[in-house]
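Student: Next come a sequence and a model predicted from it.
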Amino acid sequence: MKKICTFSASNSADSINRTLLNIAADKITGHKINVIDIRDFSMPMYSLDKEKQDGFPATATQLRALFAEQDAFIIAIPEHNGSMPAVFKNVIDWLSRLVDQQQPIFASKPVFLLSTSPGANGGSTNLQSLTQLMPWWGADVRGSYSLGSFYENFFEGQLNLEHDRRLCDGIAEFVLHLQDATTVA
Ligand SMILES: Cc1cc2nc3c(=O)[nH]c(=O)nc-3n(C[C@H](O)[C@H](O)[C@H](O)COP(=O)(O)O)c2cc1C
């Protein structure tokens, strides 16, 4: 059994990415799902001056410790202006200052990326960039799924069947791969 940390990289109370994340997480059985909310780890905007003056926010050290305990991650990331939301980049900036280069933020652990948006593109521009970028932060990106036109494809609490099947396939492949992943003691 692996410990899979899931979170939406959105600070919106009604995050549609959190909705998609929960649908994806519900498809997993036989593993421990640790759902976190990044709004519980709010951090000031990173600056070198702030770090020098005040040190690290307790939320950054807590999140670092929490990440270290996980075996894998599923992260749903909204697209803001073709890129990642500022709140997520800010978390990455703080954590990158706390970890060393030998053991970067995601420590070579498997990561599955999700994204959705009201537009047809579903945040896939950002998802493609992150697939290239996240290995620099130590993520072993093992798959991704993007859902376009969220409000047309999610209604009455259900994902459209075709999209649900594709999400199921993506998650199943990710979970299969976890058998070979390292388990954190
Ligand atoms: C500042 C801002 C920029 C946005 N830029 C994009 C974008 O580039 N592509 C896109 O598909 N949606 C974009 N959107 C719409 C978001 O996809 C939409 O707000 C979505 O609900 C965000 O996900 P969340 O609900 O999980 O926070 C943007 C929204 C905001 C607030």
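Tutor: Structure received.
Student: which stretches of this structure form helices?
Tutor: 16-26, 48-54, 58-68, 86-98, 124-133, 150-153, 161-178 (DSSP state H).
Student: Now render these as CSV, adding distance to the ligand and mean neighbour count.
Tutor: C-betas here are computed from N, CA, C, even on glycine. As requested, those are exported to CSV (distance: least, C-beta to the nearest ligand atom, whole Å; neighbours: other C-beta atoms under 10 Å):
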stretch, distance to the ligand, mean neighbour count
helix 16-26, 3, 20
helix 48-54, 23, 10
helix 58-68, 19, 15
helix 86-98, 9, 18
helix 124-133, 7, 18
helix 150-153, 7, 14
helix 161-178, 16, 16
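Student: Can I get the ones you listed in CSV including mean pLDDT?
Tutor: Below are the helices of the chain laid out as CSV (pLDDT from 0 to 100):
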stretch, mean pLDDT
helix 16-26, 97
helix 48-54, 97
helix 58-68, 96
helix 86-98, 97
helix 124-133, 97
helix 150-153, 97
helix 161-178, 96
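Student: right, and those helices - which one's nearest L113?
Tutor: Closest approach to L113 among these is made by helix 124-133 (5.7 Å; C-beta to C-beta).
Student: Relative to P44, how far out is the residue lying farthest from the centre of the chain?
Tutor: Relative to the centre of the chain, the most outlying C-alpha is that of Q53, 29.7 Å out, by C-alpha atoms, centre = their mean. Separation of Q53 from P44 (C-beta to C-beta, to the nearest Å) stands at 11 Å.
Student: Of all the helices of the chain, which one comes closest to A139?
Tutor: Taking these one by one with C-beta to C-beta, helix 124-133 is closest: 8.6 Å.
Student: Please find the angle between the direction vectors of that closest one and helix 86-98.
Tutor: On the basis of axes from the mean of the first three to the mean of the last three C-alpha atoms, to 10 degrees, helix 124-133 is oriented at 10 degrees to helix 86-98.
Student: now what about helix 124-133, what contacts it?
Tutor: Residues outside helix 124-133 that contact it (C-beta atoms under 8 Å, 6 or more residues apart in numbering) are 77-80, 82-84, 113, 115, 141, 144, 146, 148.
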